[in-house]
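Participant: Provided below for reference: sequence and predicted model.
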Amino acid sequence: MKKQVTALDKKYLWHPFTQMKEWVEKDPVIVTEGRGSFVKDISGRWYLDGISSLWVSVHGHRKKEIDTAIKDQIDKVSHSTLLGLSHPPSAILAEKLVHIVQGSGDKQKNSALKTQNSKLRRVFYSDDGSTAVEIALKIAFQYWQHIGIKSKRTFLSLTNAYHGDTIGAVSVGGIDLFHDLFSPLLFKAYKAPSPYCYRCELGKTYPACKLLCLDKIEDIMHKHHREIAGMIIEPLVQGAGGMIVSPPGYLKGVRRLCSKYNILMIADEVATGFGRTGRMFAFEHEKAFPDILCLAKGITGGYLPLAATIATEKIYSAFLGAYKDLKTFFHGHTYTGNQLACAAAIANLEVFKKERTLKKLQKKIEALSKGLSEMAGFPNVGDIRQKGFMVGIELVKNKKTKEPYLLEETIGWKVCGRAREKGLMLRPLGNVIVLMPPLSISYDELKTLIKITSESIREVIE
Ligand SMILES: Cc1ncc(COP(=O)(O)O)c(C=O)c1O
């Protein structure tokens, strides 16, 4: 079986973000099973899943409640369209999503926050993070057309941003390695500096900088607000850009500036949503409620592709009218709101509640921080960034000068390769070692994650 799958893979598959010439020179790890925080390969070896199968697994693999919800749904119907029809899982999930984005589980009684907050109310489904972002951009664009501010036709985003791989998402992306080549295909978007304190583009140091990066955003907004429909941001953590954690107050500042300059704030919580940062959504940390919210990845607990773009009632209302007014949002995907995926997502949210996942997570976050702090002294660990269960360990050639490793040194891959030999599955972002374990990871497993990561860094670098 192993030989057969390997041969078929090498002959027919084209893997994402992969140089296939190199890929076919080695035999792949073929995953055949998962359980809790682990995945098993075709030879029967188990690996700790240190990146939650690309940042999606929330309660671990083979979670009974989610397995059962999908199986039960299969016994009813697996898919029917939302174009012209409805179905129970999509409607029930929409209500639950609106409920949680409005922070109803939150004990805080801040009424100002509630009114701002209660406006996020309309759920538009799609299939993955990129489509959630495309939809957000198109909704923002069309909104201004409908309300008569037709000059608002472009967007503002950040360097080091990653919002997906479709053309709209790439237009607002900011990772040169992935995005530069496509520039002739992209629409114009303004770019503000990333809040990357370790390598500040403005040459400043936090907190003495007084968040100069926010002033740079304001400069762009001040000059171009008549053209800018929306600002898209990954709240608190720029994930694929290298787990870049923004300094306190930054996100709130972005919210304030968007309101001041009449620009829609689009929060891309594809990576940060569903508990990753320690709260259900990252925007909650700074009470920076967006006008449009993009969700995907963890929405189904890591089971099935599903995404949601949630807009405020005010935005949604601008799309209402007679058909002949042409205010309809002419957008949709074949599997929009797939019944199985919505059933999985409902079960995912119910597990959060039943198991008090977020409450239990807080102590694990502390344990993870403690474990990470031991690596801070390593000679080639330049920066350790953590927000909740999102971690980036940036490796540098020279700690003093922050000189980075060259692309061709593939240092991240070497460390992750060593970790794999030791039974831990990781995937780096360039020179940054990423840790994104399932929220359900046990304390013992967390210890193993830290131990193997630490050993792998030391063994590869020394
Ligand atoms: C913040 C963010 N937005 C969008 C995406 C794209 O999601 P997908 O790969 O599901 O299209 C990602 C993927 O990593 C992401 O991290």
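Facilitator: Arrived safely. Note that this is a predicted model, so its numbers are computed, not measured.
Participant: OK, now which residue of the stretch 101-250 of the chain is nearest to the ligand?
Facilitator: Using CB to the nearest ligand atom, the closest approach of the stretch 101-250 of the chain to the ligand is made by residue 129 at 2.1 Å. In this view, the C-beta of every residue, glycine as well, is placed from N, C-alpha and C.
Participant: got a list of what that residue touches?
Facilitator: Residue 129 makes contacts with 163, 164, 169, 268, 270, 271, 294, 296, 297, 307, as judged by CB atoms under 8 Å, 6 or more residues apart in numbering.
Participant: ok, now residue 372?
Facilitator: Counted by CB under 8 Å, 6+ apart, residue 372 has contacts 384, 386, 391, 393, 450.
Participant: from those, which is closest to the ligand?
Facilitator: Comparing every one of the contacts of residue 372 with the ligand (CB to the nearest ligand atom), the shortest separation belongs to residue 391, at 14.6 Å.
Participant: what's the burial count for that closest one?
Facilitator: Residues lying near residue 391 (other CB atoms under 10 Å) number 26.
Participant: Just the pLDDT at it, thanks.
Facilitator: Looking at residue 391, its pLDDT reads 98.
Participant: Same check on residue 56?
Facilitator: Residue 56 is given a pLDDT of 98.
Participant: Which positions in the stretch 1-150 of the chain make contact with the ligand?
Facilitator: 128, 129, 130, 133 (CB under 6 Å from any ligand atom).
Participant: Number of residues surrounding the last one?
Facilitator: Residue neighbour count, defined by other CB under 10 Å, stands at 31 for residue 133.
Participant: do the first one as well
Facilitator: When neighbours are counted by other CB under 10 Å, residue 128 registers 18.
Participant: how about CSV for the contacts of residue 129, with secondary structure and distance to residue 49 added?
Facilitator: CSV is the format used below for these (DSSP: H, G, I helix; E, B strand; the rest coil; distance: CB to CB, whole Å):
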residue, secondary structure, distance to residue 49
163, coil, 25
164, coil, 23
169, helix, 26
268, strand, 24
270, coil, 19
271, coil, 16
294, strand, 24
296, coil, 19
297, helix, 14
307, strand, 22
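Participant: ranking the residues you listed by neighbours, who comes first?
Facilitator: Using other CB under 10 Å as the neighbour criterion, residue 268 leads those with 32 neighbours.
Participant: how about the residue lying closest to residue 100 once chain neighbours are set aside, what does it touch?
Facilitator: Once flanking residues are discounted, residue 100 sits nearest to residue 280: 5.7 Å by CB to CB, 6 or more residues apart in numbering. Residues near residue 280 by CB under 8 Å, 6+ apart: 100, 103, 105, 273, 274, 352, 358.
Participant: let's see it at 10 Å
Facilitator: 100, 101, 103, 105, 106, 269, 273, 274, 349, 352, 357, 358 (CB atoms under 10 Å, 6 or more residues apart in numbering).
Participant: Residue 296 and residue 307, how far apart?
Facilitator: To residue 307, residue 296 is 4 Å away according to CB to CB, to the nearest Å.
Participant: Also residue 59?
Facilitator: 19 Å.
Participant: returning to that earlier point: pull out the buried residues from the contacts of residue 372.
Facilitator: By neighbour count, with 16 or more other CB atoms under 10 Å, the contacts of residue 372 hold 384, 386, 391, 393, 450 as buried.
Participant: Of all the strand elements in this structure, which one is longest?
Facilitator: strand 390-398 (DSSP state E).
Participant: Could you confirm whether that strand reaches the ligand?
Facilitator: No. Shown here: strand 390-398 not in contact with the ligand (CB under 6 Å from any ligand atom), separated by at least 10.3 Å.
Participant: Check the offset of that strand from the chain's centre.
Facilitator: From the chain centre to the centre of strand 390-398 is a distance of 19 Å (CA atoms, centre = their mean, to the nearest Å).
Participant: Can you give the strand pairings for it, parallel or anti for each?
Facilitator: Within its sheet, strand 390-398 is paired with strand 381-387 (antiparallel), strand 403-404 (antiparallel), strand 432-435 (antiparallel), according to DSSP bridges.
Participant: any chance of the ones you listed in CSV, plus mean pLDDT?
Facilitator: Compiled in CSV, the strands paired with strand 390-398 are given as follows (pLDDT from 0 to 100):
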stretch, mean pLDDT
strand 381-387, 98
strand 403-404, 97
strand 432-435, 98
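Participant: any chance of those in CSV, with distance to residue 189 too?
Facilitator: Listed next are the strands paired with strand 390-398 as CSV, based on distance: least, CB to CB, whole Å:
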stretch, distance to residue 189
strand 381-387, 25
strand 403-404, 26
strand 432-435, 24
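Participant: can you list those strands in CSV and add distance to the ligand?
Facilitator: Listed next are these as CSV, based on distance: least, CB to the nearest ligand atom, whole Å:
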stretch, distance to the ligand
strand 381-387, 13
strand 403-404, 22
strand 432-435, 11
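Participant: Could you single out the most deeply buried of the ones you listed?
Facilitator: strand 432-435 (a mean of 24; mean count of other CB atoms under 10 Å).
Participant: quick check: angle from the helix or strand just after that one to strand 390-398?
Facilitator: Counting by DSSP states H and E, the next helix or strand C-terminal to strand 432-435 is helix 443-461. If you take axes from the mean of the first three to the mean of the last three CA atoms, to 10 degrees, helix 443-461 sits at 20 degrees to strand 390-398.
Participant: for helix 443-461, packing partners?
Facilitator: Under the contact definition 3 or more CB pairs under 10 Å, 6 or more residues apart in numbering; DSSP states H and E, helix 443-461 sits against strand 46-49, helix 357-373, strand 381-387, strand 390-398, helix 411-421, strand 424-425, strand 432-435.
Participant: go with 7 Å
Facilitator: strand 46-49, helix 357-373, helix 411-421, strand 424-425, strand 432-435 (3 or more CB pairs under 7 Å, 6 or more residues apart in numbering; DSSP states H and E).
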